[in-house]
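**Student:** Model the following, please.
(one chain, ligands or ions: 1)
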Amino acid sequence: MLSLGRSTVWRALAVLGASLTMVATLGTGNASAHGAVSDPPARAYDCYTRWSGSWQDPAMETEDPMCYQAWQANPDAMWNWNGLLREGVGGNHQAAVPDGTLCSGGLTFDGRYAALDEPGAWHAVDRPNSFTLNLLDNSSHGADYIRVYVTKQGFDPTTQPLTWDDLELVTETGSVPTGTSTPVEVNAPGRTGHHIVYTVWQASHLDQSYYFCSDVNFTG
Ligand SMILES: [Cu+2]
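**Tutor:** You can find the predicted model right below:
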């Protein structure tokens, strides 16, 4: 009887363990919903993809100081690279996202992403002035529109906080069907060196707006 009792207990524990694993997996699934600009990579997405496997490696402090300060400031922002959004903005993006807080979505979620607003030597990818931006729409929200802005020549992302006046709207899409990846053609002539590509993604499933800063080094 005793051994039967034990095996019953073990079976119950095994079932409990499986349920906990399922809850953990579902949790991860939820966290990977939403989406982000994956190319050129948005700041949180970039820090996540390049450092999530070694986010406590002290080498990050010298190799990639801006990702380092972001991971230090709030690791949740990195794990939730896909959740940089506001709801109920009603299209008033400039009111919801004040100057100096563009990269954190107007300090959304109590400033979870505040470190992304810090000027500095963010890791930047080389791109020609005409390139294809990609939105990773993991949860197939689609878009009412996607607006892509690029900083004006002369703006210095290493020293200046980003404001709306620093930006030029270079592309606006119409509504985009759902799909895991969404390419957007961008043309931003007359620029060289480090710039910020700023994307506003207005999702279609409800009034959910996403804001992304991607760092690009224009090669001409
Ligand atoms: Cu979403």
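**Student:** where does this structure have low pLDDT?
**Tutor:** Applying pLDDT under 70 to the chain picks out residues 1-32.
**Student:** Quick check: can you list the domain ranges of it?
**Tutor:** For the chain, the structural domains run 1-31, 36-218, going by automatic domain parsing.
**Student:** Return the most buried member of the ones you listed.
**Tutor:** Stretch with highest mean neighbour count among these: domain 36-218 (a mean of 18; mean count of other C-beta atoms under 10 Å). No exception for glycine: its C-beta is placed from N, CA and C like everyone else's.
**Student:** Can you give me the end-to-end span of that domain?
**Tutor:** Using C-alpha to C-alpha, to the nearest Å, the end-to-end distance of domain 36-218 comes to 21 Å.
**Student:** Centre of the chain to that domain, how far?
**Tutor:** 6 Å (C-alpha atoms, centre = their mean, to the nearest Å).
**Student:** Go ahead and confirm Leu84 touches Cys213.
**Tutor:** No. Using C-beta atoms under 8 Å as the test, Leu84 is too far from Cys213 to be in contact (9.4 Å).
**Student:** so what sits against both of these two?
**Tutor:** Common contact partners of Leu84 and Cys213 (C-beta atoms under 8 Å, 6 or more residues apart in numbering): Ala42, Leu116.
**Student:** where exactly do the helices run in this protein?
**Tutor:** Listed in chain order, the helices of the chain (DSSP state H) span residues 2-31, 43-51, 60-63, 65-73, 75-79, 93-96, 108-111.
**Student:** So which elements touch the fifth one?
**Tutor:** Contacts of helix 75-79 with other secondary structure elements, assessed using 3 or more C-beta pairs under 8 Å, 6 or more residues apart in numbering; DSSP states H and E, are made with helix 43-51, helix 65-73.
**Student:** Report the angle between the first one and helix 65-73.
**Tutor:** In other words, helix 43-51. Interaxial angle of helix 43-51 relative to helix 65-73 (axes from the mean of the first three to the mean of the last three C-alpha atoms, to 10 degrees): 100 degrees.
**Student:** Let's see helix 43-51 as CSV, backbone CA atoms only.
**Tutor:** Provided in CSV are the C-alpha atoms of helix 43-51 (Å, rounded to 0.1, in the frame of the first residue of the first chain):
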residue,chain,number,x,y,z
ARG,A,43,17.2,48.6,-30.3
ALA,A,44,15.7,46.1,-27.8
TYR,A,45,15.4,43.4,-30.5
ASP,A,46,19.1,43.9,-31.4
CYS,A,47,20.3,43.8,-27.8
TYR,A,48,18.1,40.7,-27.2
THR,A,49,19.2,38.8,-30.3
ARG,A,50,22.9,39.5,-29.8
TRP,A,51,23.2,39.2,-26.0
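**Student:** can you start the count at 861 instead of 1 from here on
**Tutor:** Yes, from this point I'll number from 861; that puts the last item at helix 903-911.
**Student:** Identify the residues contacting it?
**Tutor:** Around helix 903-911, the neighbours that count as contacts under C-beta under 8 Å, 6+ apart are 896-898, 901, 917, 920, 924, 926-927, 930-931, 937-942, 944, 963, 973, 976, 982-983, 996, 1072-1075.
**Student:** repeat for the last one
**Tutor:** Here helix 925-933 makes contact (C-beta under 8 Å, 6+ apart) with 903-904, 906-907, 910-911, 915, 920-921, 937-938, 974-976, 978, 980-983.
**Student:** Kindly recompute the last result at 7 Å.
**Tutor:** With C-beta atoms under 7 Å, 6 or more residues apart in numbering as the test, helix 925-933 has contacts from 907, 910-911, 915, 920-921, 937-938, 974-976, 978, 980-983.
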